[in-house]
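S.K.: Return a 3D structure for these sequence lines:
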Amino acid sequence: MFYPATVSLPAELRTADFILTPLTPAHVELDYTAVTASREMLRQWSGSSWPSDDFSLDDNLQDLAGHDREHRERLAFTYTVLNPAQDACLGCVYIRPLSEILPAAPDYHAITRFWVSQSYREGSLERKLLEALCAWLHSDAWAFERILFHTRVSSQWQIHLFIVAGCQAVNTHYLPERGGYHTFFERLPEV
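M.R.: Numbers count the residues shown, from 1 in each chain. Next up is the predicted model:
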């Protein structure tokens, strides 16, 4: 199992700038608006044709139902990033087992990716999200032993973000199902 059944999952993370809460089908319209408004950026970030030109609200509902099921079964965790009023989706955070990429990886080792909607990327939201994720994922709220962030090598803006935040590049892996080479970063918890 990716995450221990005996440990409770964090329900949410609240900051002055955003709220992270598990992504469920109830978020379908807010998520769809953010996804379709960020279509080109998401294709570059994911290294795929997602979301396609004909990506529909129903397609998005199916995606969200899958993320919700994974979350409930503790296979992977997807959080939506909402504004404080909870009437706009600002992005998404994906927390998955490292063993998806490295089959021999120990349990409770996680890889994390995130995106911020195109309309919010010009400000400091992406940096604030990364800082909050580093603190939250290393806190007592989670039982992870190791957390790595990753992004496509071609996502230079995110690589720059990780470096500026004090994350260290650990390695680069070719992930054909995720659009090519990804660089993995780690920021150790502050002591």
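S.K.: dump the residue contacts of residue 152.
M.R.: Contacts of residue 152 were listed using C-beta atoms under 8 Å, 6 or more residues apart in numbering, and they are 44, 45, 46, 47, 178, 179, 180, 181, 182. C-beta here means a position set from N, CA and C on the backbone, and glycine is covered the same way.
S.K.: could you redo the last one with a cut-off of 10 Å?
M.R.: Going by C-beta atoms under 10 Å, 6 or more residues apart in numbering, residue 152 touches 44-47, 113, 158-159, 175, 178-183.
S.K.: can you tell me which residues contact residue 123?
M.R.: Residue 123 makes contacts with 17, 116, as judged by C-beta under 10 Å, 6+ apart.
S.K.: Secondary structure element holding it?
M.R.: Counting by DSSP states H and E, no helix or strand carries residue 123.
S.K.: before we move on, the earlier item: now list the buried members of the contacts of residue 152.
M.R.: Of the members of the contacts of residue 152, the ones counted as buried by neighbours, 16 or more other C-beta atoms under 10 Å, are 45, 46, 47, 113, 158, 159, 178, 179, 182, 183.
S.K.: Do a quick rundown of the helices in this protein.
M.R.: With DSSP state H as the definition, the chain shows helices at residue ranges 28-37, 39-46, 57-72, 125-137, 156-164.
S.K.: out of those helices, which comes closest to residue 89?
M.R.: Closest approach to residue 89 among the helices of the chain is made by helix 28-37 (3.9 Å; C-beta to C-beta).
S.K.: counting contacts, what elements does the closest one pack onto?
M.R.: Packed against helix 28-37, as judged by 3 or more C-beta pairs under 10 Å, 6 or more residues apart in numbering; DSSP states H and E, are the following elements: helix 39-46, helix 57-72, strand 77-82, strand 89-97, strand 109-116.
S.K.: right, so of these, which gets closest to residue 33?
M.R.: Among these, the nearest to residue 33 by C-beta to C-beta is strand 89-97 (6.6 Å).
S.K.: Give me the angle between that closest one and helix 39-46.
M.R.: Using axes from the mean of the first three to the mean of the last three C-alpha atoms, to 10 degrees, the inter-axis angle of strand 89-97 relative to helix 39-46 is 20 degrees.
S.K.: who's residue 171 bridged to?
M.R.: Each beta-bridge partner of residue 171 is listed here: residue 184, as defined by DSSP bridges.
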